[in-house]
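Visitor: Just to be clear, the model below is a prediction. Sequence and coordinates:
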Amino acid sequence: MTTASKITLIRVAFIPLFMIFMYLSGGEPGLWMWISLGLFIIASLTDYVDGQIARKCNQVSDFGKFLYPLADKLLTIAAMTMFTEWGSMPAWALMLVLAREFSVTGLRLIAVG
């Protein structure tokens, strides 16, 4: 497994932690919300880092091509799910984004194959 793929897996591991702290915050400003924001920012930065490493060190792999965009989608959808739970975002918008993202991911899988 390449270094870039390991970093992507770390981003995926951040998603449950992000969700837990978002849930603990209850949508109210405070310590839990700041921690979840920090986790989101760190996870977003790993997106940049693993992309740079993959390109610079020629670590592009089929696994990375699959997991890299999926990790981004999961992180974003996790945040949107909490916003929907709190009533800050309509559920139909989340469903629209989910449908689009998974259809695009399906098309990418077909293209990679």
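Guide: It's in. Keep in mind the model is a prediction, meaning the values are calculated, not measured.
Visitor: residues contacting the residue lying closest to Leu74 once chain neighbours are set aside?
Guide: Leaving aside its sequence neighbours, Leu74 sits nearest to Ile15 (Cβ to Cβ, 6 or more residues apart in numbering; 5.5 Å). All C-beta atoms are positioned from the backbone trio N, CA, C, and that covers glycine. Shown in contact with Ile15 (Cβ atoms under 8 Å, 6 or more residues apart in numbering): 43, 71, 74-75, 78.
Visitor: let's see it at 6 Å
Guide: By Cβ atoms under 6 Å, 6 or more residues apart in numbering, the contact set of Ile15 is 74-75, 78.
Visitor: Now do the contacts for the most centrally placed residue in the chain.
Guide: Geometric centre of the chain, nearest residue: Leu75, 2.2 Å, by Cα atoms, centre = their mean. By Cβ under 6 Å, 6+ apart, the residues touching Leu75 are 15, 43.
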